[in-house]
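Peer 1: Here's my sequence, what's the structure:
(2 chains)
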Amino acid sequence: MAPLLSVRDLVTVFESKTRPVQAVDSVSFEIREGEVFGLVGESGCGKSATCRSILRLFAGAPARITGGTIEFAGRDLTCLSEAEMTRVRGREIAMVFQDPMTSLNPTMRVGDQIAEGLIRHESIGRRAARLEAIELLKQVGVPSAEQRLDSWPHEFSGGMRQRVLIAIALACRPKLLIADEPTTALDVTIQDQILKLILRLREQYGMSVLLVTHDLGVVAQTCDRVATMYAGRIVETAETPSLFARPLHPYTIALLNSLPGGKKRSEPLQPIGGAPPNLADPPPGCRFHPRCSIAVEACRSTAPALLPVDAPHRVACLRRGAEPS
Amino acid sequence: MTTTITETPTASPRQRRLPRLNPPLTAGLAMLVILLAAVLLGPLFSPYDPLKVDFAEALRPPGAVHWFGTDNLGRDVLTRVLAAGLVDLQIATVCVVLPFLIGSTVGAVAGYFGGLTDRILMRIVDILWAFPFYVLVIAIVGTLGPSTGNMYLAFTLVVWISFARIVRGEVLSVRQSEYVMAARLLGYSHLRIILRHVLPNAITPAIVYAMADVVLTILAVTALSFLGLGVQPPTPEWGVMIADGRNFIFDAWWISTFPGFAIIYTGIAFTLLGDGLDDLLRPKG
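Peer 2: Modelled structure (predicted):
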């Protein structure tokens, strides 16, 4: 079966005054139907830029997709006109943002915001949309949905707002939900509830989820497959159990080592030295080599390709399999 | 559980629709209501005609018969102040509402779409901005001839740039907000996003400015009329009245003074109103 979303060699460039920045550099991945696909990496590694490329919405930033294809449900999204893209957004691909505090319009009642999409896209009447909105609020676990429908966003807590945002995203039953760090701004307990909610809704609505996060704990809990991004490139992709059992890229390994709650509690956390490179002037060769503990001379000059280790597990590292020295 | 939530004020906002009044807003509204009542109802109860000349009654000081006295042509000053109030408020309303609508539209379009649209529209604004306000208004009225219609035109042409700038600035910041991004992600049209998601969050400063602008406009209209470029005598108008009373200021202070008080009163009313609206409309958490 063909995957729902298939991104091939995607390149997205942000124009800047000095020199163009390749925020997304030859990124390829696929998401199958009903699958939760995780995209992990540090801030500024191109996760969000990848999501925005899929929807072709850059919030006014001077960004362009300069190469590659984004095939979604049999169509190449990069070839669609802006008007056609508008029809895809919301109806076929929906997105949930990182910060629930700022993602709701403060001057509209939440019920109206949920109903708006239904009225726009499904051309149903006001009353029907209102009933549907109540149903959606119940679905996402907002208590006393009938009353809360007429509340203003500022009367909701962060977790409740994120539920409302998910309800808005679900309103038109999208095939793909892009969740860009949906739990980063929330408490750990609320985070868990929201993730479980997304998983339950995925089952119920049969949609696929692209989950962007920097939290490997979230990945372990929710994703079927995962890709690690570093400096605009995917450096490792695998099924989640395989990635956690046998991480191959030194960056993934370093990310896992920097997590608390490992086996040996007495061991200090291992931070990753240095900072991600400036994408306007990336290091040559493997982009991780300045921070890599096992880098060799060849890493400075040769960019490694993403090669399979065993079928679904692929890694872009010249020294794959080498033990840290 | 359900009952507790319905009883909390937050869960029944439809009934909470009446805005909580703050002191400046209450005071401003009260002053405005009194002004409107006086201006609309006053002439009905007044025994005098604001236009009728009666030399026998000329230059009477304020007293029981003529509360604000009479002018050099024997017209009752109180009646004329009220009749003039209606004229001035009408002019001020038109001269604020038209620029508000035009300016907000231009500002929203420029700010929302940005790029070349923004540059062209804002350069036009800059060019108009380069002229001092009165110079431009007087030039337009002077060229077209003094009349109320030309005054509307002049104010609209000159004042909309302020609203355009204010709204554009707000829209620029609102456009970057996540809920506007979210609206675009939901595939809404630009028109819908501007009207429902951008403008409601960007219009408040323009509304507050409009209140201040009412004051400025009344001052400007009276100033123009004072100079003979606005409302033409014998139509009662505060500026015209002050101008008429100038020659008698030492013998009959009341002719110029009472229209002056009316201007001050109106100015304070709208300033308080603007201040109160600012507090009331400022976006909540």
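Peer 1: Pretty sure A:Thr86 sits against B:Leu185.
Peer 2: No - using C-beta atoms under 8 Å, A:Thr86 is not in contact with B:Leu185; the gap is 10.1 Å. Quick note: C-beta positions are derived from backbone N, CA and C, even for glycine.
Peer 1: which residues of chain B score low on pLDDT?
Peer 2: Applying pLDDT under 70 to chain B flags residues B:1-19, B:283-285.
Peer 1: One more pass at 80, please.
Peer 2: Low-confidence segments of chain B, defined by pLDDT under 80: B:1-21, B:43, B:46-47, B:57-59, B:74, B:233, B:281-285.
Peer 1: Next, the residue nearest the centre of it: secondary structure please.
Peer 2: Ranked by distance to the mean C-alpha position of chain B (C-alpha atoms, centre = their mean), the top residue is B:Val214 at 2.2 Å. When classified by DSSP: H, G, I helix; E, B strand; the rest coil, B:Val214 comes out as helix.
Peer 1: what separates it from B:Leu273, distance-wise?
Peer 2: Separation of B:Val214 from B:Leu273 (C-beta to C-beta, to the nearest Å) stands at 8 Å.
Peer 1: neighbour count winner among A:Thr86 and B:Leu185?
Peer 2: Counted by other C-beta atoms under 10 Å in any protein chain shown, A:Thr86 and B:Leu185 do not tie: B:Leu185 has more neighbours, with 24 against 18.
Peer 1: What sits closest to that one if chain neighbours are left out?
Peer 2: Computed as C-beta to C-beta, 6 or more residues apart in numbering or on different chains, the closest residue to B:Leu185 that is not its neighbour in sequence is A:Met95, at 4.7 Å.
Peer 1: And for the one you found, the neighbour number?
Peer 2: For A:Met95, the count of nearby residues is 28 (other C-beta under 10 Å).
Peer 1: For the spatially most central residue of chain A, which three-state class applies?
Peer 2: By C-alpha atoms, centre = their mean, chain A has its centre lying nearest to A:Val212, at 2.4 Å. Under three-state DSSP, A:Val212 falls in the strand class.
Peer 1: Tell me which stretches of chain A form strands.
Peer 2: Along chain A, the segments classed as strands by DSSP state E run A:5-14, A:21-31, A:36-40, A:63-72, A:75-76, A:93-96, A:176-180, A:208-213, A:225-230, A:233-239, A:307-310, A:313-315.
Peer 1: Which of the ones you listed has the lowest mean pLDDT?
Peer 2: Here the strands of chain A differ in mean pLDDT, and the lowest is strand A:307-310 at a mean of 82.
Peer 1: Show me what counts as buried in that strand.
Peer 2: Counting neighbours by 16 or more other C-beta atoms under 10 Å in any protein chain shown, one finds that the buried residues in strand A:307-310 are A:Val309.
Peer 1: in its sheet, what does that strand sit against?
Peer 2: strand A:313-315 (antiparallel) (DSSP bridges).
Peer 1: what about A:Phe112, neighbour count?
Peer 2: For residue A:112 the amino acid is Asp, not Phe. Around A:Asp112 there are 18 residues (other C-beta under 10 Å).
Peer 1: who touches it in this structure?
Peer 2: Counting by C-beta atoms under 8 Å, 6 or more residues apart in numbering or on different chains, A:Asp112 makes contact with nothing.
Peer 1: For B:Val208, pull up the helix or strand it's in.
Peer 2: Counting by DSSP states H and E, the element that carries B:Val208 is helix B:204-226.
Peer 1: ok, which residues in the stretch 151-300 of chain A are in contact with chain B?
Peer 2: A:151-152, A:154-155, A:165, A:168-169, A:172 (C-beta under 8 Å from any C-beta of the partner chain).
Peer 1: Show the contacting residues for B:Asn201.
Peer 2: The contact partners of B:Asn201, taken as C-beta under 8 Å, 6+ apart, are A:105-107, B:170, B:174, B:177, B:283.
Peer 1: one more time with 7 Å, if that's ok
Peer 2: A:105-107, B:174, B:283 (C-beta atoms under 7 Å, 6 or more residues apart in numbering or on different chains).
Peer 1: quick one: it is in a helix?
Peer 2: Yes - the assignment for B:Asn201 by three-state DSSP puts it in a helix.
Peer 1: Just the buried residues of stretch A:309-320, please?
Peer 2: For stretch A:309-320, burial by neighbour count (16+ other C-beta under 10 Å) applies to A:309, A:313-320.
Peer 1: Could you pull up the mean pLDDT of the longest helix anywhere in chain A?
Peer 2: Ranked by residue count, the top helix of chain A under DSSP state H comes out as helix A:188-205. What helix A:188-205 shows for mean pLDDT is 88.
Peer 1: what does it contact?
Peer 2: Counting by C-beta under 7 Å, 6+ apart, A:34, A:36, A:140-141, A:159, A:162, A:166, A:170, A:173, A:179, A:182-183, A:186, A:209, A:218, A:221-222 sit against helix A:188-205.
Peer 1: just the buried members of these?
Peer 2: Buried residues within those, defined by neighbour count using 16+ other C-beta under 10 Å: A:36, A:140-141, A:159, A:162, A:166, A:170, A:179, A:182-183, A:186, A:209, A:218, A:221-222.
Peer 1: what sits against B:Pro234?
Peer 2: With contact taken as C-beta under 7 Å, 6+ apart, B:Pro234 is in contact with B:Leu51.
Peer 1: any idea which helix or strand carries it?
Peer 2: Using DSSP H and E, B:Pro234 maps to neither a helix nor a strand.
Peer 1: Now it. Its backbone dihedrals?
Peer 2: Torsion angles at B:Pro234 (phi, psi; degrees, to the nearest 10) stand at phi -90, psi 0.
Peer 1: Longest helix in chain B, please.
Peer 2: Longest helix in chain B, counting by DSSP H: helix B:77-113.
Peer 1: what about residue 24, how many residues close to it?
Peer 2: Just so you know, I chose chain A. 30.
Peer 1: ah, no, chain B please
Peer 2: 18.
Peer 1: ok now do it, which residues does it touch?
Peer 2: Contacts for B:Pro24 (C-beta under 7 Å, 6+ apart) come out as B:272, B:275-276.
Peer 1: If we only consider the residues you listed, which is nearest to A:Val21?
Peer 2: Lowest distance from A:Val21 to the contacts of B:Pro24 (C-beta to C-beta) belongs to B:Asp275, with 45.9 Å.
Peer 1: Next, the closest one: phi, psi?
Peer 2: Here is the backbone geometry of B:Asp275 (degrees, to the nearest 10): phi -60, psi -50.
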